[in-house]
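> Provided below are the primary sequence and the corresponding predicted coordinates.
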Amino acid sequence: MDFDLTDEELALKKEFDDFFREEMKHAPPVYRYEALIEAMYATDEGWEFNKYMRKKLVERGLYVRHWPKEYGGGGATLVEQRIYSESQAYFGAPGNDNFGLGMFAPTLMIYASDEQKARLLPPIARGEVQYCQGWSEPNAGSDLASLKTTAIKDGEYYIVNGQKIWITAAHRADHMFLLARTDPSQKRGGGLSVFNVDMSLPGIEVRPILYMNGVHLYNEIFLTDVRIHESERIGKENQGWGMTRDTMNFERSGSGAYAITRRNLEKLIAYVKTTKRNGKFLAEDPLVRQKLGKIYADMEAGRALAYRIAWMQEKGKLRFSPAAASESKVFSTELNKRVADFGVEIMGFSGQIEHSPWAPLEGVMIASYQSTIASMIYAGSNEIQRNIISWVGAGMPRLKGQG
Amino acid sequence: MDLDFTSEQMMLRDAAARFSASECTYEEVKKVEDSEKGYVPELWKKIADLGWTNVLFPSRYGGYDGTFLDLVILQEEMGKALFPSPFFSTVVQCGLLILEGGTEEQKADLLGRIAVGSLIMALAQYEEETDYSAESVMMTAEPRGNEYVLNGTKMFVMDANIADKLIVVARAGGAGISLFLVNSHDPGIQITKLPTVAKDNACEVIFENVIVAKENMIGSPGCGGALLDQMYEKAAVAKAGEIMGGCKACIDMTAEYARNREQYGNPIGGYQAIQHFMADMLLFYDTTSNYLYRVACMIDEGKDFTRDASALKACANECFRYVTEKGVKIHGGIGTTREADVALFYRRAPTYASMCGSTSYHYEKVAEKLLTEGMETF
């Protein structure tokens, strides 16, 4: 057994690190203290830099380095992709389209027709499009399959009516992958289909929902008699649920979350070594030391599993492994929440100060305190993930009514 | 990166699992718990014949030249079976001390006998007021001519009741912490088993004017602390292996129970309260067990693994505590009985957690290293 990176992989890591370190010197300040997803989509300067980085990643051949060669990618291994994701996350670098590149493209590769692949994948690969994810509805959250938005066939078109919610980056997106009910006589997973939707179509209205910190990240989308051509339906009609479950696994796999833990841990170590309370450095406080030790231990344990998952999928040629993807999602999001809680706690009163000259560590901890709570809810709440882990991983029975 | 076990390692694991299944059932473990000896001499002989006791040692001392990962595999399997034997005290603790600090003569003699299963050893270190560090040992060994005289009381000396020899940690005059090699039946030594929660072989050992010849030391006077630190870094990883094996067995038996036990017309494993416990048990296990293999590989590759050994042991302790507690909980009333296999694991959690250093002891060690040495690039 050997957990080491090869010399080639280490050289790649250095290449990625050098690239991101250099490019992030040009990043607007918001990237230093906001959660990456907020920096990328919420402010105009952040969004402009996101587009700039996307262009750079495409130019350097990094954007779709992990795609199979047949789709114009670099054919990188999953381990290489992990190294890449970790480097990108460690430097807090934007550029990715989390939705088009991260979730929809791998789904298209499995389910789309040749015509659709030829039409939809190249613009994603060239970084020309931003997608958003049209799934959740006001009454279909964890129980996504109960969604009510309809797409009723009318000649060559589907007429779409309904409401979508919690759509991150919809206000930046030019496309959406939409899950809608094509057969209202069928319940739950039956009767759902997936569509590629141009956000500029008539009848689509995007309204902001402000996050708790006042940031515009989420949106509601109202769909009124939107006409979508049948050529935009991905896969067979009424077969969209199985496809969507695969998309969910892509969503949960392969994040660089532990690199974020690492970056924040480094910041906290510097903070406790230089910050005094009652004349003593925080680094001398046994409770602070205990928690630092635990964060490091959990980070390394989580990372060992993340590498195991990448390696297992690569070796078994698995697209993903559902229990492991869920385990990673739960463990990493809760770890990063704990890091934020710890940071805010040891900062005392100062922990509450948001980005400003008064804020310790530029306010990164209180920003993380607010953003990480969402990470435990989106992409399938951690409670739903625990159901999945227990069904798939521990072989617990799935009772009627349990999704 | 290659995260597979070798075919030899898989054979080693399979053989160990088969051995436990046929020779050491949980029924047998319960019987051994109630016995005075706390181990089964015939089984100890058998595992020596299988080559387990020489896995760590170089071939020139009759060993198998195994990797640390080989040892971890055995530890995992023994942890699953709760195999009652002096393996950890004899092979891991004393074996590593002799390997690192012993003379050629001592290695040839002692390691050779350990390898064939004819020598049981125990480490006498802890005292009423010590913590987990070697430096806190207070017992003295007074130099007198060509001898030392040992006086004091040692606690939690695992397997002292069945050991042929003891390695005793004491302060040799002004030289500091040293390791003395003592025959356990020498005059002035009084050994009493302690009534512990794990019903194991933890003993109190009282030394009253025990005479040790000057040459009967492991390492030179004053270097016992360093030898112990070195041993514990590795032993903590081996112990973590045993713990993770225990976690695996506990998770498997609890999952099995939750699939079969019915209430309100359904298996209890169908209910979310139980499912979320099971999910967290698995989450803890899958993260920590992969970390275990990574740290074992670091040892085999000669890397600096000390920070990660501590982090791993702390993780393993927390995992075992959680898994065994929820294991009993999910079993319900039956889980709390003497009859229940899962309770065997629950009763061992505090013991395993304190062996080679408690959770908070190791978090402190990790923090000390992070704060003084920083971290290498990610």
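Sure, I can see it. Residues are numbered from 1 along each chain as shown, chains lettered A, B, ... in the order given.
> quick one: the helices in the stretch 251-378 of chain B?
With DSSP state H, counting those that start in this stretch as the definition, the stretch 251-378 of chain B shows helices at residue ranges B:272-300, B:306-331, B:341-354, B:359-373.
> Identify, out of the ones you listed, the most deeply packed stretch.
helix B:306-331 (a mean of 26; mean count of other Cβ atoms under 10 Å in any protein chain shown). For the C-beta atoms, the positions are set from N, CA and C on the backbone; glycine is no exception.
> helices or strands up against it?
Counting contacts by 3 or more Cβ pairs under 8 Å, 6 or more residues apart in numbering or on different chains; DSSP states H and E, helix B:306-331 packs against helix A:286-316, helix B:224-260, helix B:272-300, helix B:341-354, helix B:359-373.
> now the longest one: mean pLDDT?
Helix B:224-260 carries an average pLDDT of 98.
> which strands and helices sit next to that helix?
helix B:68-81, helix B:95-101, strand B:177-183, strand B:266-267, helix B:272-300, helix B:306-331, helix B:341-354.
> mean confidence for the shortest one?
For strand B:266-267, the per-residue pLDDT values average out at 98.
> From A:Gly100, how far out is A:Phe20?
A:Phe20 sits 21 Å away from A:Gly100, taking Cβ to Cβ, to the nearest Å as the criterion.
> quick one on the thing from earlier: go through the helices of the stretch 251-378 of chain B and name the closest to B:Asp34.
helix B:341-354 (12.3 Å; Cβ to Cβ).
> what about the one helix or strand A:Ala89 maps to, near chain B?
Element membership of A:Ala89 [criterion: DSSP states H and E] is helix A:78-90. Yes: interface with chain B: helix A:78-90 contributes A:79, A:86, A:90 (Cβ under 8 Å from any Cβ of the partner chain).
> if we take the residues you listed, which one ends up nearest to A:Tyr258?
A:Glu86 (7.1 Å).
> from memory the closest one sits against A:Ala259, does it?
Yes: in terms of Cβ atoms under 8 Å, A:Glu86 counts as a neighbour of A:Ala259; the distance is 4.3 Å.
> coming back round to it: could the residues of helix A:78-90 next to chain B be laid out in JSON lines, adding pLDDT and neighbour count?
Formatted as JSON lines, the residues of helix A:78-90 next to chain B follow (pLDDT from 0 to 100; neighbours: other Cβ atoms under 10 Å in any protein chain shown):
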{"residue": "A:Val79", "pLDDT": "87", "neighbour count": "20"}
{"residue": "A:Glu86", "pLDDT": "93", "neighbour count": "24"}
{"residue": "A:Tyr90", "pLDDT": "95", "neighbour count": "22"}
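> Give me the contacts around the strand or helix carrying A:Leu57.
If you go by DSSP H and E, A:Leu57 is part of helix A:44-59. Helix A:44-59 has contacts (Cβ atoms under 8 Å, 6 or more residues apart in numbering or on different chains) with A:23, A:26-28, A:30-31, A:34, A:38-41, A:63, A:93-97, A:125-127, A:172.
> Could you give the separation of stretch B:319-339 from the chain centroid?
Remark: stretch B:319-339 is offset 22 Å from the chain centroid, using Cα atoms, centre = their mean, to the nearest Å.
> From B:Ala316, how far off is the residue of the stretch 251-378 of chain B found nearest chain A?
In the stretch 251-378 of chain B, no residue comes nearer to chain A than B:Tyr363, which is 3.0 Å away by Cβ to the nearest Cβ. Between B:Tyr363 and B:Ala316 the distance is 13 Å, computed by Cβ to Cβ.
> Repeat that for B:Tyr285.
Distance from B:Tyr285 to B:Ala316, counting by Cβ to Cβ: 10 Å.
> same thing with B:Ser89?
Counting by Cβ to Cβ - B:Ser89 and B:Ala316 are separated by 19 Å.
> Surely A:Met312 and A:Leu318 touch.
Yes: between A:Met312 and A:Leu318 there is a contact under Cβ under 8 Å: 7.0 Å.
> Helices of the stretch 201-350 of chain A, residue ranges please.
Ranges of helices within the stretch 201-350 of chain A are A:240-252, A:257-274, A:286-316, A:322-346, based on DSSP H, counting those that start in this stretch.
> Equivalent analysis for the stretch 101-250 of chain B, please.
With helices called from DSSP H, counting those that start in this stretch, the stretch 101-250 of chain B shows them at B:104-106, B:112-115, B:224-260.
> and among those, the most buried is which?
helix B:224-260 (a mean of 23).
> And for the closest residue to B:Tyr232 other than its chain neighbours, the neighbour number?
Sequence neighbours aside, B:Cys356 is the residue nearest to B:Tyr232 in space, at 5.4 Å (criterion: Cβ to Cβ, 6 or more residues apart in numbering or on different chains). Counted with other Cβ atoms under 10 Å in any protein chain shown, the neighbours of B:Cys356 add up to 27.
> Quick check: which ranges of the chain have low pLDDT?
Here I'm looking at chain A. A:253-255, A:317, A:319-321, A:403 (pLDDT under 70).
> hm, I was asking about chain B
In the predicted model of chain B, residues B:378 satisfy pLDDT under 70.
> just to revisit the earlier point, hang on, the residue nearest to B:Tyr232 packs against B:Asp229?
No: in this structure B:Cys356 lies outside contact range of B:Asp229 using Cβ under 8 Å: 11.2 Å.
> OK, contacts around residue 178?
Here I'm looking at chain A. By Cβ under 8 Å, 6+ apart, A:Leu178 lies in contact with A:134, A:149, A:151, A:160, A:164, A:194-197, A:228.
> Wait, chain B was what I had in mind.
B:141, B:169-172, B:217, B:219-224.
> Distance check, the residue nearest to A:Gly189 when sequence neighbours are not counted against chain B.
For A:Gly189, ignoring the flanking residues on the chain, the nearest one in space by Cβ to Cβ, 6+ apart is A:Trp241 at 3.5 Å. Distance, A:Trp241 to chain B, by Cβ to the nearest Cβ, to the nearest Å: 22 Å.
> and the stretch 1-150 of chain A, which residues reach chain B?
Counting by Cβ under 8 Å from any Cβ, the stretch 1-150 of chain A sits next to chain B at A:1-6, A:9, A:17, A:79, A:86, A:90.
> If we use 6 Å, what do you get?
Contact residues (Cβ under 6 Å from any Cβ of the partner chain) of the stretch 1-150 of chain A with chain B: A:1-3, A:79, A:90.
> coming back round to it: out of the contacts of B:Ser178, list just those in strands.
In strands, judged by DSSP state E, the following of the contacts of B:Ser178 are found: B:141, B:169-172, B:217.
> all strands for the stretch 1-150 of chain B, in order.
B:121-124, B:140-144, B:147-158 (DSSP state E, counting those that start in this stretch).
> just those strands: most buried one?
Buried most deeply of those, by mean count of other Cβ under 10 Å, is strand B:121-124, with a mean of 28.
> And it, how far out from the chain middle?
Computed by Cα atoms, centre = their mean, the chain-centroid distance of strand B:121-124 equals 12 Å.
> any residues touching it, and which ones?
Contact partners of strand B:121-124, identified using Cβ atoms under 6 Å, 6 or more residues apart in numbering or on different chains, comprise B:89-90, B:93-94, B:154, B:157, B:159-160, B:163, B:165-168, B:205.
> could the residues you listed be laid out in TSV, adding distance to A:Val206?
Converted to TSV, these look like this (distance: Cβ to Cβ, whole Å):
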residue	distance to A:Val206
B:Ser89	68
B:Thr90	70
B:Gln93	66
B:Cys94	70
B:Lys154	73
B:Val157	71
B:Asp159	71
B:Ala160	74
B:Ala163	75
B:Lys165	78
B:Leu166	76
B:Ile167	73
B:Val168	76
B:Val205	76
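> Considering those residues, which possesses the most neighbours?
Taking other Cβ under 10 Å as the neighbour criterion, B:Val168 ranks highest of these with 32 neighbours.
> who touches the residue nearest to B:Ala314 when sequence neighbours are not counted in this structure?
The spatially closest residue to B:Ala314, leaving aside those adjacent along the chain, is B:His362, at 4.0 Å (Cβ to Cβ, 6+ apart). Applying Cβ under 6 Å, 6+ apart, we find B:His362 in contact with B:310, B:313-314.
> mind saving the C-alpha coords of stretch A:239-247 as CSV?
In CSV, the C-alpha atoms belonging to stretch A:239-247 read as follows (Å, rounded to 0.1, in the frame of the first residue of the first chain):
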residue,chain,number,x,y,z
GLN,A,239,-36.7,8.9,-17.2
GLY,A,240,-35.1,11.9,-15.6
TRP,A,241,-35.0,10.7,-12.0
GLY,A,242,-32.4,8.1,-12.4
MET,A,243,-30.3,10.5,-14.3
THR,A,244,-30.7,13.1,-11.6
ARG,A,245,-29.6,10.7,-8.9
ASP,A,246,-26.3,10.3,-10.8
THR,A,247,-26.0,14.1,-11.1
